[in-house]
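Enquirer: need coordinates for the below:
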Amino acid sequence: MNDSFDRAPGAGRTRNLPADPGLAGGAAGDCETKTTLFNQREPLRQPRTSPPFAENNISTANVVGGGGCNEVDSLVKSSKLSASAPEFVPSGINTYEDPSYYDDDDSSYYGEPTLADTVKGFLAHLSSSPGSFESDVEHITGMLNSWVTTEELLKELVELIYTQSTAIPNFSYTGARLCNYLSHHLIVSPPSGNYRQLLLQRCRKEYEQRDVAVRGDLETQKKFHSFVLFLGELYLNLEIKKPKGPPSRANILLTALKDLLISLFSKPVDANLICAVKLLKLTGSVLDDTWKESGKPHMEELIQRIENILLDATCSRDVRQMLLKLVELRSSDWGRVRAAAAASNATPDNDPNYFMNEPTFYTEDGTPFTAADPEYAEKYQEILDRQDYFHDLDGENGNEIYDSEDEMEPEIEEAFENFCLEAERKRQQ
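Expert: Down below sits the predicted model:
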């Protein structure tokens with residue numbers, strides 16, 4: 001029993017077949033080695049996914065039983081397998097290709113890029129490098145002129161630029177500048193309208209939903225606020241050329257901005273109020289001047305709405321402070337300085353920049369003061385009295401002569417003399 005018990009790993013997993021006496025004694029060399037090897041293993045089972053070979057199917061039993069080397073050699077010679085083949089695919093296995101692998105969505109990898117990919121690419125470039133706008137916009141426009149040649153492509157371009165301008169943070173200014181440039185330099189102009197007309201039509205869709213958007217959920221409000229700020233930038237940057245005279249702004253946007261501000265103030269939650277403050281800081285001075293020129297009191301009405309909100313609305317303290325600062329900004333003519341007085345006639349009363357270039361001093365306790373301070377002369381004289389700036393100067397070398405109170409201690413003086421001697425010695429070397 002112990003003789004037949006094998007403790008080696010994998011024991012019992014192979015079947016030791018008795019060697020064929022005829023083969024063991026009558027064969028030699030490689031043939032004997034190969035035959036013995038075939039004798040030690042049972043025939044391999046056919047894979048379940050592959051049908052048995054129809055041709056050249058010589059069982060291992062036949063090879064082992066009586067074929068010898070000649071039959072093995074004939075099997076190798078009749079095989080159609082090749083070591084240089086790129087891959088082995090058993091017969092009966094159907095190859096399958098996923099049609100989605102070559103779908104149109106992957107055209108950017110296997111074919112020409114789409115208009116959407118191209119537009120998103122250069123908009124991302126302008127967003128990351130806004131300073132390159134002037135040098136790149138001409139090339140971008142030339143590329144679009146060669147691409148956008150139909151009404152459908154023009155509408156797609158308008159939608160792409162509008163979406164990116166309201167979705168990319170802080171891109172509304174650059175997007176508005178791009179829209180203005182394209183409105184003057186894109187060649188295609190289908191019957192439905194040119195680039196500027198289609199852009200205004202797209203903005204009108206959002207404008208008509210203003211009363212619903214200000215009362216929507218946070219995501220709807222956020223999207224609407226992005227549109228409001230983009231429209232403000234568009235009003236400041238979009239130019240309408242005239243046959244005679246300088247270009248003008250789009251007056252239709254002026255009316256739209258007033259209505260948008262009224263809608264924002266009609267639902268005085270923090271997000272709407274913050275958007276209104278940003279819009280007025282951006283466009284307030286231009287809106288105020290334009291309405292005053294036409295004799296319309298729209299800005300006064302908006303400021304009155306803000307004051308009513310400060311009295312009644314339950315906005316947060318930070319937003320309330322923003323509204324107060326906005327009212328103060330408008331009362332100071334939006335922080336503008338009209339015309340400074342001539343240098344010869346400038347006084348602290350008629351020139352707000354009179355003390356602009358004066359130095360700033362600090363008192364002993366660290367309080368800053370300038371020439372605009374009423375007590376400037378008195379404080380400045382105190383500094384001069386406390387710090388003696390009027391030491392006598394040595395006529396030969398200009399070194400200051402110190403009083404007895406400022407004399408150095410003997411040890412410090414000796415160390416300083418040694419330092420001077422060492423420096424002089426190194427200079428002479």
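Enquirer: now do the buried residues in stretch 325-342.
Expert: 326, 329, 330, 334 (16 or more other C-beta atoms under 10 Å). Backbone N, C-alpha and C define where each C-beta goes, glycine included.
Enquirer: now those residues as TSV including secondary structure and distance to residue 417?
Expert: Shown next, in TSV, are the buried residues of stretch 325-342 (DSSP: H, G, I helix; E, B strand; the rest coil; distance: C-beta to C-beta, whole Å):
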residue	secondary structure	distance to residue 417
326	helix	67
329	helix	63
330	helix	68
334	helix	65
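Enquirer: and of the residues you listed, the nearest to residue 157?
Expert: residue 334 (35.5 Å; C-beta to C-beta).
Enquirer: quick check: closest non-adjacent residue to the closest one.
Expert: Closest residue to residue 334 apart from its sequence neighbours, by C-beta to C-beta, 6 or more residues apart in numbering: residue 285 at 3.9 Å.
Enquirer: equivalent analysis for residue 241, please.
Expert: Closest residue to residue 241 apart from its sequence neighbours, by C-beta to C-beta, 6+ apart: residue 247 at 4.8 Å.
Enquirer: quick check: pLDDT value at the one you found.
Expert: Looking at residue 247, its pLDDT stands at 88.
Enquirer: phi and psi next, for it.
Expert: Backbone geometry at residue 247, expressed as degrees, to the nearest 10, gives phi -70, psi 160.
Enquirer: contacting residues around it?
Expert: 239, 240, 241 (C-beta atoms under 8 Å, 6 or more residues apart in numbering).
Enquirer: you'd agree the last one is up against residue 184?
Expert: Think residue 241. Yes: Residue 241 is within contact range of residue 184, at 7.1 Å (criterion: C-beta atoms under 8 Å).
Enquirer: looking at the two, which has the bigger crowd around it?
Expert: Counted by other C-beta atoms under 10 Å, residue 241 and residue 184 do not tie: residue 184 has more neighbours, with 15 against 10.
Enquirer: that one: helix or strand, and which one exactly?
Expert: helix 172-185 (DSSP states H and E).
Enquirer: average pLDDT across that helix?
Expert: 95.
Enquirer: so which bits of that helix are buried?
Expert: Using 16+ other C-beta under 10 Å as the burial criterion, the residues of helix 172-185 that qualify are 172, 173, 174, 175, 176, 177, 178, 179, 180, 181, 182, 183.
Enquirer: would you format these as JSON lines with distance to residue 229 included?
Expert: Putting those into JSON lines (distance: C-beta to C-beta, whole Å) gives the following:
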{"residue": "172", "distance to residue 229": "5"}
{"residue": "173", "distance to residue 229": "9"}
{"residue": "174", "distance to residue 229": "13"}
{"residue": "175", "distance to residue 229": "10"}
{"residue": "176", "distance to residue 229": "10"}
{"residue": "177", "distance to residue 229": "14"}
{"residue": "178", "distance to residue 229": "16"}
{"residue": "179", "distance to residue 229": "14"}
{"residue": "180", "distance to residue 229": "16"}
{"residue": "181", "distance to residue 229": "20"}
{"residue": "182", "distance to residue 229": "20"}
{"residue": "183", "distance to residue 229": "19"}
